[in-house]
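Colleague: I need the structure of the sequence given here:
(2 chains)
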Amino acid sequence: DAMVIQNPRYQVTQFGKPVTLSCSQTLNHNVMYWYQQKSSQAPKLLFHYYDKDFNNEADTPDNFQSRRPNTSFCFLDIRSPGLGDAAMYLCATSRRQGASNQPQHFGDGTRLSIL
Amino acid sequence: AQRVTQPEKLLSVFKGAPVELKCNYSYSGSPELFWYVQYSRQRLQLLLRHISRESIKGFTADLNKGETSFHLKKPFAQEEDSAMYYCALKTGAGSYQLTFGKGTKLSVIP
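Modeller: Predicted coordinates for the structure are as follows:
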């Protein structure tokens, strides 16, 4: 099945220790997204890639970075995680065709805990 | 800025009873509205979108621009409908940003 795969499902890191979350897709979608979802809150868009074009949301902290080395993979790097960064991180993809951006497909998410 | 409001955090109904999950939005332009569903231990998945005007798993939702609402309805709830439901808004066909509501947890009582 074509899908969006996030690894790992659960990640524990120490306060201030850099961590990388991984997302891959077999849908061949040209757009990839990272969302942060804290407990009982709505998913919040951090940034997205349209092909190699990176787009950061205005309120995404500088602590969060992303890389997309190819169409299939996208990484979320948290340079110095703080306790407030503990959350579920969701990866999503979509296909953009011309001026239309199709609905987003989500991965299972990675739950990040900070010690 | 756009906003999506789901006023009910939790909704419990009996099996066979009608279900209505409320969603209101604020956006001055022409939005695209979606309902996403997350079953227990599964990923967030698209349930339906307003431009398709379709019924999925017995659910329908009509965009009411006058009331800025996009309520999700089903005439007879089933146990397998128990899940978390998120309403989401996109500010246009080409927009990348999807603004979610906080979600409503639907619990169908056997």
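
Colleague: where's the closest residue to B:S40 other than its chain neighbours relative to A:G84, distance?
Modeller: Closest residue in space to B:S40, ignoring its immediate chain neighbours: B:A83 at 7.1 Å, by CB to CB, 6 or more residues apart in numbering or on different chains. Bear in mind the C-beta positions are built from the backbone N, C-alpha and C, glycine included. Distance of B:A83 to A:G84, computed by CB to CB, to the nearest Å: 28 Å.

Colleague: And these two? Which one has more around it.
Modeller: The neighbour count for B:A83 versus A:G84, taken as other CB atoms under 10 Å in any protein chain shown, is higher for B:A83 (20 against 10).

Colleague: Check whether the more buried one really touches B:V37, as I assumed.
Modeller: Yes - in this structure, B:A83 is within contact of B:V37 by CB atoms under 8 Å, at 5.1 Å.

Colleague: Show me what the residue nearest to B:S40 bridges to in the sheet.
Modeller: Beta bridges link B:A83 to B:L106 when assigned by DSSP bridges.

Colleague: next one: the one 5 residues further on
Modeller: According to DSSP bridges, the partner residues bridging B:A88 are B:F34, B:F100.

Colleague: any idea of the pLDDT on the nearest residue to A:T13 once chain neighbours are set aside?
Modeller: Closest residue to A:T13 apart from its sequence neighbours, by CB to CB, 6+ apart: A:V19 at 4.3 Å. At A:V19, the predicted lDDT confidence score is 96.

Colleague: Give me the contacts around stretch B:41-61.
Modeller: A:4, A:43, A:90, A:103-109, B:23, B:32-38, B:62-63, B:70-76, B:78, B:81, B:85-86 (CB atoms under 8 Å, 6 or more residues apart in numbering or on different chains).

Colleague: Quick check on those residues: which are buried?
Modeller: Listed as buried from these are A:4, A:43, A:90, A:103-109, B:23, B:32-38, B:63, B:70-72, B:74, B:81, B:85-86; burial here means 16 or more other CB atoms under 10 Å in any protein chain shown.
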